[in-house]
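Visitor: Following is a predicted model, sequence given first.
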Amino acid sequence: MKNKTLFTSLLLSFFLVVNFLQAQEKNEPTAQTEQTFVAGKYTVKYFLDGRKVTKVPKIDILTADKGRVVIEFQIDKYGNVTSATAVNETGCTTNTYLLTKAKQAAETTHFDTAPTSPLKQKGKMVFEF
């Protein structure tokens, strides 16, 4: 009887740890606090808890086009952007030039390292051109 109870406790603990690790791995952007940085003449909003921008991207827009671009990105534990994707949200532009410029800016942004941060972390940037 004791062995069966011990086995059940160990099995339950294992499943709890696996679920916790899966939740850490996903690390979906949720209600994060808004932060900003200035890149050239543009103020960029970003949502990424526990991290600050250490390298601001250079943004040169060679057009008079205007629009809003939202980029979802992922960083590693060292603060490097490992992926960036434009998101089609309500009110966002479909101008491919602005989408490309925003994606390039997001990819060249660098964030600080944090010893307690997860291996992968997701965030969002909002560019108003």
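Guide: Now that the structure is in, tell me what you want to look at.

Visitor: where along the protein do the strands fall?
Guide: According to DSSP state E, the chain carries its strands in the segments 34-39, 42-47, 53-55, 68-76, 81-87, 110-111, 120-128.

Visitor: In a markdown table: the ones you listed, plus mean neighbour count.
Guide: Any C-beta I mention is one placed from the backbone N, CA and C, and that applies to glycine too. A markdown table is the format used below for the strands of the chain (neighbours: other CB atoms under 10 Å):
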| stretch | mean neighbour count |
| --- | --- |
| strand 34-39 | 13 |
| strand 42-47 | 18 |
| strand 53-55 | 15 |
| strand 68-76 | 20 |
| strand 81-87 | 16 |
| strand 110-111 | 19 |
| strand 120-128 | 20 |
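
Visitor: between those, which gets nearest to residue 100?
Guide: Ranking the strands of the chain by proximity to residue 100 (CB to CB) places strand 81-87 first, at 8.6 Å.

Visitor: Name whatever forms a beta bridge with residue 111.
Guide: For residue 111, the beta-bridge assignment (DSSP bridges) gives partners residue 53.
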